[in-house]
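Participant: Sequence and predicted structure are below.
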Amino acid sequence: MHKEITLTIIKPHAVRDNNTAAILTMMSQAGFRISALKMIRLSTFRTGEFYAEHEGKSFCEQLVEMMSSGPIIVAILEKDNAVSDLRQLVGNTDPEKAAPGTIRRLFGKSIRENAIHASDGTDNAIRESAFFFSDMERF
Ligand code: CDP
Ligand code: MG
């Protein structure tokens, strides 16, 4: 066991629905420490950069449109096994397939509007954290 970081984003629809506090509370109660946190709005250009791995996929254009449709909450979370533990707390990409009690099951609306993003590996967690936060914004 060693301390690890992961990057999470509360997606625009979940912020709009006023679920920010409930989602952050679930993360805190699961043992994650918030080491960086902010509310921002991404341009379509910056969203495209963030999701470069999905470029060319059928859902990419609508994903970028959805993610840039309003403010998001971005956070770096720290914990032992943060990446896999957060993916477990988040649940399946499709909220209907996500296990009961997971964030996507509770707050997701569709496979696209699935409430939050969570890094899928330690390398991506480091890349995504650097994408959003400067050294001055991380503690
Ligand atoms: O977020 P996760 O790693 O679970 O899934 P992904 O396959 O990396 O897809 C990234 C995001 O694209 C998802 O979280 C959804 O918001 C969106 N997506 C979509 O709009 N339609 C799909 N068929 C699959 C994913
Ligand atoms: Mg992914």
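Facilitator: Noted; the coordinates are in hand. Numbers count the residues shown, from 1 in each chain. Ligands and ions are numbered 1, 2, ... in the order given.

Participant: Count the neighbours of residue 118 for me.
Facilitator: 25 (other CB atoms under 10 Å). All C-beta spots, glycine's among them, are computed from the backbone N, C-alpha and C.

Participant: again, but for residue 31
Facilitator: 14.

Participant: and the protein, which residues reach ligand 1?
Facilitator: 59, 62-63, 93, 111-112, 114, 117, 120 (CB under 6 Å from any ligand atom).

Participant: Let's have the residues you listed in a markdown table, adding secondary structure, neighbour count and pLDDT.
Facilitator: Shown next, in a markdown table, are the residues of the chain next to ligand 1 (DSSP: H, G, I helix; E, B strand; the rest coil; neighbours: other CB atoms under 10 Å; pLDDT from 0 to 100):
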| residue | secondary structure | neighbour count | pLDDT |
| --- | --- | --- | --- |
| 59 | coil | 12 | 96 |
| 62 | helix | 10 | 97 |
| 63 | helix | 16 | 97 |
| 93 | coil | 12 | 98 |
| 111 | coil | 14 | 98 |
| 112 | coil | 16 | 98 |
| 114 | coil | 25 | 98 |
| 117 | strand | 19 | 98 |
| 120 | coil | 14 | 98 |
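
Participant: Most widely separated two among those residues?
Facilitator: The span of those, defined through CB to CB, is set by 62 and 120 at 20.0 Å.

Participant: Out of the residues of the chain next to ligand 1, the closest to residue 87 would be?
Facilitator: Closest to residue 87, out of all of the residues of the chain next to ligand 1 and judged by CB to CB, is residue 120, at 7.0 Å.

Participant: Tell me where the chain has strands.
Facilitator: 3-10, 33-40, 72-80, 116-118 (DSSP state E).

Participant: can you redo these as a markdown table with distance to residue 124?
Facilitator: Below are the strands of the chain laid out as a markdown table (distance: least, CB to CB, whole Å):
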| stretch | distance to residue 124 |
| --- | --- |
| strand 3-10 | 8 |
| strand 33-40 | 16 |
| strand 72-80 | 13 |
| strand 116-118 | 10 |
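
Participant: Now find how far off-centre stretch 131-139 is within its chain.
Facilitator: 16 Å (CA atoms, centre = their mean, to the nearest Å).

Participant: Give me the average confidence score over it.
Facilitator: Mean pLDDT, stretch 131-139: 98.
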